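# dropping the sequence and predicted coords here.
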Amino acid sequence: MTKGRFGIHGGQYIPETLMSELENLEREYEKYRKDPEFKRELKALLDDYAGRPSRLYYAGNITEDLGGAKVYLKREDLNHTGAHKINNVLGQVLLAKRMGKTRVIAETGAGQHGVATATAAALLGLECEVFMGAEDCQRQALNVYRMHLLGAKVHPVSSGTGTLKDAVNETMREWTTRIADTHYVLGSVMGPHPFPTIVRDFQAVISEEARAQILEKEGKLPGAVFACVGGGSNAIGMFYHFIPDEQVALYGCEAAGRGISTKDTAATIATGSLGVFHGMKSYFCQDEYGQIAPVYSISAGLDYPGIGPEHAHLHDLGRAQYVPITDEEAVSAFEYIAKKEGIICAIESAHALAYAMKVVPKMSKEDSVIICLSGRGDKDVAAIARYKGEKIYE
Amino acid sequence: MSRIQDAFQNKKAFIPFITAGDPTLAKTKEYILQMAAAGADLIEIGLPFSDPIAEGPVIQEADIRALASGTTTDKVLEMVAELKGEITIPLVFMTYLNPVFHYGYETFFARCQEVGVCGIIIPDLPYEEKEEVLEVADKYQVELVSMVAPTSAKRIREIAVSAKGFLYVVSSLGVTGVRSEIKTDIESIIKEIRQVTDLPCAVGFGINTPEQAARIARHADGVIVGSGIVDLIAKYGDTAGEAVYQYVKEMKEAII
């Protein structure tokens, strides 16, 4: 079996032009991840710049209202730049700098990963260019402007469906064009090896902290953890240190869009099949001839036709369950948490909350759950208003 | 000797690429015959994919047009089957792994053999991953062509040693598409390959003019042109036959 496998998934299905750079990246990552100086510098950035450790907040009002297990929120939305994306980006941009790169490129869906990459590049003095679907640029205009403010150049991608998958295509194309001085800061646990491992390692801090925090607060492990899944970076971060704890149920909440029986969905596990795309073997939404399907979700960050290879493997093993959540359910959860807890969360994260709301009431009050609040929802306010048919000044 | 290598026998091979189904499969068949008549030595037939990450805008758009016109793997195979008896030069597929994987390796390569396709180029299947395809492709005598890039460096020998059919030497960094200048030291890459194999080396990516083709052919055994042809089809659509014929003829003459 070839390198970077999670069961049958993963691998390195990528043009030859990029292979020697992937070998280089793997070698350099192996070196720096054990390097005490690199680790110290990354830790300092995560703590003092990004604001880690993120809080584990007991959501008392929601707990009381749902009447089941105690609900805790892992507050990745309180990180600098407002999402979990910064964890991976600080690691990768620092690595890129150590590798002697002077320029980073990135894809972005909702814009959170683009903003995080632009932020880290500004901080560490690297040039930054971000590729973003033209459709997403419209949905997330504020994030486009944020990236401009941070000194990054944003390229709207109009090929294909103009969403996240097309942004990934274009960033890969750009990387094959300019490799020597450029690192591709991949934003999720996807792509060719070693990316799924690198991104997972940098995001694993979420569950490393959460596991210690819940043990301190509850004196025992939670009954379940919930996270939204597009490519799956916050979910793998939230799951990782709980994977060996068999008693902890892991729920990955996919974007069902208008429903898994419609074509307007991005729920890969529910509607996809095994394939090879974007450098990896995994599950993808595709047609009967293996053409990648256009996907849809209200959430630009989950609007992706695949899922990371480690999630595909956890699904095969039955260790994690992947469940579809519709736009409607996510929007309800988005409004619910705003009114109950005074938190406007990302519409992506609202997918995780929406499924937790179905499970928590059936659980014992002695139990607890953790929901990964992967990002804050300022970016989504205009889109939610549009969805509700309310006219506001944007 | 394989049929692919026949294309390089005692001559420099001109290898045009065409996206199947752009604008229609009937036209693709007609243009393939025109290219063969104009002197093409081997033809690459692009099996369209929704997300061709190694392609520049010209071939990306051709793939979109082809898929929009209802092109499917089955229909492309049927079109190629109709060419049997009408064409003697070898035909190879160029596509991405997912359409082949999804069709099923066994069924796909069996069909290739049936319709007379004798090779396949899969840009997103590097040396490290080729094992899963190789055995089945071999079984049906479809040669899996390996690519070598300007960045391959130490990998060149490893790739060349176990290569089949011909070596596809990528001329430049980046994606397919017309380039005004090719700066890579093609000569050194080919020398490196020749140290370990006698297989022919064909160079592709960015070649468009007869002058470029002639320059490349001084070192290479063959010249591959994709976007230059696809561009003509984009421009003339249903009536591109004459332009494609003339272009292939001119390019072939330039490398003789």
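In hand now; what should we look at? Residues are numbered from 1 along each chain as shown, chains lettered A, B, ... in the order given.

# all helices of chain B, in order?
Secondary structure of chain B (DSSP state H): helices located at B:3-6, B:25-37, B:57-68, B:73-83, B:97-103, B:105-115, B:131-139, B:155-161, B:186-194, B:210-217, B:227-236, B:241-255.

# what residues are up against residue B:247?
The contact partners of residue B:247, taken as C-beta atoms under 8 Å, 6 or more residues apart in numbering or on different chains, are B:38, B:228-229, B:232. No exception for glycine: its C-beta is placed from N, CA and C like everyone else's.

# of those residues, buried ones?
Using 16 or more other C-beta atoms under 10 Å in any protein chain shown as the burial test, those include B:38, B:228-229, B:232 as buried.

# which residues of the stretch 51-200 of chain B lie near chain A?
B:51, B:53-54, B:56-57, B:60, B:64, B:67, B:72-74, B:97-103, B:123-129, B:131, B:147-155, B:159, B:170, B:173-175 (C-beta under 8 Å from any C-beta of the partner chain).

# can you pull the phi and psi angles for residue A:129?
Main-chain dihedrals, residue A:129, degrees, to the nearest 10: phi -130, psi 130.

# just list whatever residues bridge to it.
Judged by DSSP bridges, the bridge partners of residue A:129 are residue A:105, residue A:153.

# list, out of the contacts of residue B:247, those positioned next to chain A.
Here nothing survives when these are matched to chain A using C-beta under 8 Å from any C-beta.

# closest one of these to chain A?
residue B:228 (19.1 Å; C-beta to the nearest C-beta).

# list the buried residues of the host helix or strand of residue A:38.
Here residue A:38, judged by DSSP states H and E, is contained in helix A:36-44. By 16+ other C-beta under 10 Å, the buried positions in helix A:36-44 come out as A:38, A:41-42.

# circling back to that earlier point, farthest-apart pair in the buried ones among the contacts of residue B:247, please.
B:38 and B:228 (13.4 Å; C-beta to C-beta).

# please enumerate the strands of the stretch 201-350 of chain A.
For the stretch 201-350 of chain A, applying DSSP state E, counting those that start in this stretch gives strands covering A:224-229, A:249-257, A:273-277, A:279-284, A:320-326.

# export those strands as CSV, with columns for mean neighbour count, mean pLDDT and distance to chain B.
Formatted as CSV, the strands of the stretch 201-350 of chain A follow (neighbours: other C-beta atoms under 10 Å in any protein chain shown; pLDDT from 0 to 100; distance: least, C-beta to the nearest C-beta, whole Å):
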stretch, mean neighbour count, mean pLDDT, distance to chain B
strand A:224-229, 31, 98, 21
strand A:249-257, 26, 98, 19
strand A:273-277, 21, 98, 5
strand A:279-284, 28, 98, 7
strand A:320-326, 22, 98, 21
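
# for residue A:298, find the nearest of these.
That would be strand A:249-257 among these, by C-beta to C-beta, at 7.1 Å.

# return the list of helices and strands in contact with that closest one.
Applying 3 or more C-beta pairs under 8 Å, 6 or more residues apart in numbering or on different chains; DSSP states H and E, one finds that strand A:249-257 makes contact with strand A:224-229, helix A:233-239, helix A:268-271, helix A:309-317, strand A:320-326, helix A:327-341, helix A:347-359.

# C-alpha coordinates for it, CSV please?
Taking C-alpha atoms only, strand A:249-257 is exported to CSV below (Å, rounded to 0.1, in the frame of the first residue of the first chain):
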residue,chain,number,x,y,z
ALA,A,249,-19.7,8.7,20.2
LEU,A,250,-18.4,10.8,17.3
TYR,A,251,-20.9,12.6,15.1
GLY,A,252,-19.8,14.4,11.8
CYS,A,253,-22.6,16.6,10.6
GLU,A,254,-22.6,17.0,6.8
ALA,A,255,-24.4,19.7,4.8
ALA,A,256,-27.6,18.2,3.3
GLY,A,257,-28.5,21.5,1.6
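
# list the residues that contact the residue in the stretch 1-150 of chain B that chain A sits nearest to.
Closest residue of the stretch 1-150 of chain B to chain A, C-beta to the nearest C-beta: residue B:102 (2.9 Å). By C-beta under 8 Å, 6+ apart, residue B:102 lies in contact with A:273, A:275, A:286, A:288-290.

# what bridges to the residue nearest the centre of chain B?
When C-alpha atoms, centre = their mean is applied to chain B, the residue found nearest the centroid is residue B:44 (3.5 Å). Listed beta-bridge partners, residue B:44: residue B:17, residue B:92 (assigned using DSSP bridges).

# residues contacting it?
Contacts for residue B:44 were tallied using C-beta under 8 Å, 6+ apart; they are B:15-18, B:92-94, B:121, B:224, B:226.

# how about 7 Å then?
Residue B:44 makes contact with B:15, B:17, B:92, B:94, B:121, B:224, according to C-beta atoms under 7 Å, 6 or more residues apart in numbering or on different chains.

# turn those residues into TSV, including neighbour count.
Listed next are the contacts of residue B:44 as TSV, based on neighbours: other C-beta atoms under 10 Å in any protein chain shown:
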residue	neighbour count
B:15	26
B:17	23
B:92	25
B:94	28
B:121	22
B:224	27
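
# so which of the helices of chain B is the most packed in?
helix B:97-103 (a mean of 23; mean count of other C-beta atoms under 10 Å in any protein chain shown).

# what residues does stretch B:215-226 touch?
Contacts for stretch B:215-226 (C-beta under 7 Å, 6+ apart): B:8, B:12-17, B:44, B:59, B:166, B:169, B:176, B:186-187, B:190, B:200-204, B:207-208, B:213, B:251, B:255.
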